[in-house]
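> generate coordinates for the sequence data below:
(2 chains)
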Amino acid sequence: MATLRAIRKRIRSIRNIAQVTRAMQTVSASKMRRAQLAALATRPYAERSWEVLGHLASRLSPRQMREQPLVRERPVRAVEVVLVTANRGLCGGYNHNVISEAMGFITAQKVPVRLVTVGRKGRDYALRHGLNLVADFDLGDRPTADDVRPIARLVMDDLERGLVGQVWLVYTEFVSTLVQRPKVQLLLPIQSAAAERQASSGASVPFLLEPSPEAILGPMLQRFTELQVFRAILEALASEHSARMVAMRNATDNALRLIDEMTLSYNKARQEAITKELIDIIGGAAALERVQAPGTLRRAAP
Amino acid sequence: MQVEVVTIERLVYSGEADMVLAPGAEGQLGILPHHAPLVARLSPGELVIRREGAEEAFAIGGGFIEVLADRVVVLADTAEPAAEIDVRRAEAARERALELLRQRQSRIEAIQAEAALRRSLVRLRVARRRAPRSVRHSDDGIGDD
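Next up, the predicted model:
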């Protein structure tokens, strides 16, 4: 009987786990959708700012473009890596995948690496492994452009002050609900070739530029960098939630399968116990029948 | 003409308009249909979109404006429709910014505090102008920066 009770208890606790994981799955699904929509909502600004960059590029010489602080190629004596991870676990291989991608990149560098982490998991990893962590940002569940600006500000400053020659983003690209891919992307210096292409493709309208092309271009490139960082973080967030959703769905499925298996063995055990009891009773009755006269015991049998 | 107001976070406004008033870095910009193509920087200020007598106002925190043949795009750093501005929060932000300015430690912090103050002043001005029934404060330096 003790095993019966033990099985019943385990079934109950597994059922509770399944309830929790199912709830987390639902929550992650809606958070994923929100993050996806937020990432999509950055598109109009991205498209329009490309347009404006194109206009500006068409008015400046390629050399002027390349002399911009955020565009200029510098000797790379150090690089900065912005690593975007989750604050929490329970999301399958999400954190592990992006961290090992980053580590692969970092160990391949021949120059010192300054690491900036966004998300607690990346920060904890960096501290445990003694990486050169220069800044850590802890964003909430709904990062706004205002939350992200300081991150962009920091890396732009580090580039302009000559601390690093390049800034790389390592985050998880959201491909689909089932597929998320760790990605290493060059953030700074901005590759101006694309803007120049945009310039040559657009019809050259005589634009008025106030105050001057350079005065617009500088801040525009800063916004552009902020946008890249913001977008990467939103994509990472969507990836995190979808990874968690899938992990939680697997957990729920496993729990349900376990419950099925254990219900089966519970029933078997119960059946066995009943059979054993019956055998005992029948055996006992038969023994009694042999001792006493037939017929006197009929009423005592169950 | 077609007008769009976008921020990094979202498309804030999209629609037809007869006139756009924007706070250009070099002075107020009034844009009517068939304006010459233009790209300009914007300062923190009030963006007004007029259409058939009706007005929509936004407090924007600087940005850029792009004027094409029949389209105006405002790339705003931040943009809040007047109706969504929480006057009390804006007031609190102004207080905070003033306090920071009083303490001013480094040059960068002072610049940031000043920018924050300007943004909250703009927000308050836009909110007050659009909500005539709310209480007007007489002496707060609003409206003359």
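> can you pull the pLDDT of residue 59?
With no chain named, the answer covers chain A. pLDDT recorded at A:Arg59 is 80.
> actually chain B
At B:Ala59, pLDDT is 91.
> centroid-nearest residue for chain A?
With distances taken as C-alpha atoms, centre = their mean, the residue of chain A nearest its centroid is A:Glu240 (2.0 Å).
> so how far is B:Leu29 from that residue?
42 Å (C-beta to C-beta, to the nearest Å). For every residue, glycine as well, the C-beta is placed using N, CA and C.
> same check on A:Lys9?
Taken as C-beta to C-beta, the span from A:Lys9 to B:Leu29 is 73 Å.
> more neighbours, these two?
B:Leu29 (19 against 10; other C-beta atoms under 10 Å in any protein chain shown).
> can you tell me the SS state at that one?
strand (DSSP: H, G, I helix; E, B strand; the rest coil).
> can you pull up the bridge partners for it?
B:Ala22 (DSSP bridges).
> ok, it - contacts?
B:Val20, B:Leu21, B:Ala22, B:Pro23, B:Ala40, B:Ile65 (C-beta atoms under 8 Å, 6 or more residues apart in numbering or on different chains).
> now, among those residues, which is nearest to A:Val148?
B:Ile65 (23.1 Å; C-beta to C-beta).
> so which strand or helix has the closest one?
If you go by DSSP states H and E, B:Ile65 is part of strand B:54-68.
> show me what the helix or strand following that strand is packed up against.
Per DSSP H and E, the first helix or strand lying C-terminal to strand B:54-68 is strand B:71-76. In terms of contacts (3 or more C-beta pairs under 8 Å, 6 or more residues apart in numbering or on different chains; DSSP states H and E), strand B:71-76 is packed against helix A:43-59, strand B:2-6, strand B:19-24, strand B:38-51, strand B:54-68.
> want to try CSV for these, with mean neighbour count and distance to B:Ala127 as columns?
Formatted as CSV, these follow (neighbours: other C-beta atoms under 10 Å in any protein chain shown; distance: least, C-beta to C-beta, whole Å):
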stretch, mean neighbour count, distance to B:Ala127
helix A:43-59, 20, 24
strand B:2-6, 21, 17
strand B:19-24, 20, 16
strand B:38-51, 21, 10
strand B:54-68, 22, 7
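> let's have the ones you listed in a markdown table, adding distance to A:Val76.
Formatted as a markdown table, those follow (distance: least, C-beta to C-beta, whole Å):
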| stretch | distance to A:Val76 |
| --- | --- |
| helix A:43-59 | 24 |
| strand B:2-6 | 34 |
| strand B:19-24 | 39 |
| strand B:38-51 | 32 |
| strand B:54-68 | 31 |
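> compute the inter-axis angle for the helix or strand of chain B with the lowest mean pLDDT and strand B:19-24.
Lowest mean confidence among the helices and strands of chain B (mean pLDDT, DSSP states H and E): helix B:107-130, at a mean of 73. Relative orientation of helix B:107-130 and strand B:19-24, computed by axes from the mean of the first three to the mean of the last three C-alpha atoms, to 10 degrees: 160 degrees.
> hang on, the earlier thing: regarding the residue nearest to the centre of chain A, what is its secondary structure?
Applying three-state DSSP: A:Glu240 is helix.
> re earlier: so which bits of the least confident helix or strand of chain B are buried?
If you call a residue buried by 16 or more other C-beta atoms under 10 Å in any protein chain shown, then helix B:107-130 has these buried ones: B:113, B:116-130.
> near chain A too, which of the residues you listed?
With C-beta under 8 Å from any C-beta of the partner chain as the criterion, the buried residues of helix B:107-130 include none near chain A.
> tell me the one of those nearest A:Tyr45?
Once C-beta to C-beta is applied, the member of those that ends up nearest A:Tyr45 is B:Arg119, at 18.8 Å.
> pretty sure that closest one is touching B:Ile60, no?
No - at 9.1 Å, B:Arg119 does not count as touching B:Ile60 under the criterion of C-beta atoms under 8 Å.
> residues shared between the contacts of the two?
With C-beta under 8 Å, 6+ apart as the test, B:Arg119 and B:Ile60 both reach B:Pro44, B:Thr78.
> around chain A, which positions in chain B sit nearby?
Going by C-beta under 8 Å from any C-beta, the residues of chain B near chain A are B:4, B:6-11, B:24-26, B:36-41, B:63-64, B:66, B:68, B:73, B:75, B:77-78.
> re earlier: so which of the helices and strands packed on strand B:71-76 comes closest to A:Arg153?
Taking C-beta to C-beta, strand B:54-68 is the member of the helices and strands packed on strand B:71-76 nearest to A:Arg153, at 14.8 Å.
> what strands flank that closest one, and is each parallel or antiparallel?
The pairing partners recorded for strand B:54-68 under DSSP bridges are strand B:38-51 (antiparallel), strand B:71-76 (antiparallel), strand B:79-81 (antiparallel).
> and it with helix A:43-59, angle?
40 degrees.
> could you list the low-pLDDT ranges of the chain?
All of this refers to chain A. Applying pLDDT under 70 to chain A flags the ranges A:1-2, A:194-205, A:292-302.
> ah, no, chain B please
Low-confidence segments of chain B (pLDDT under 70): B:104-110, B:130-145.
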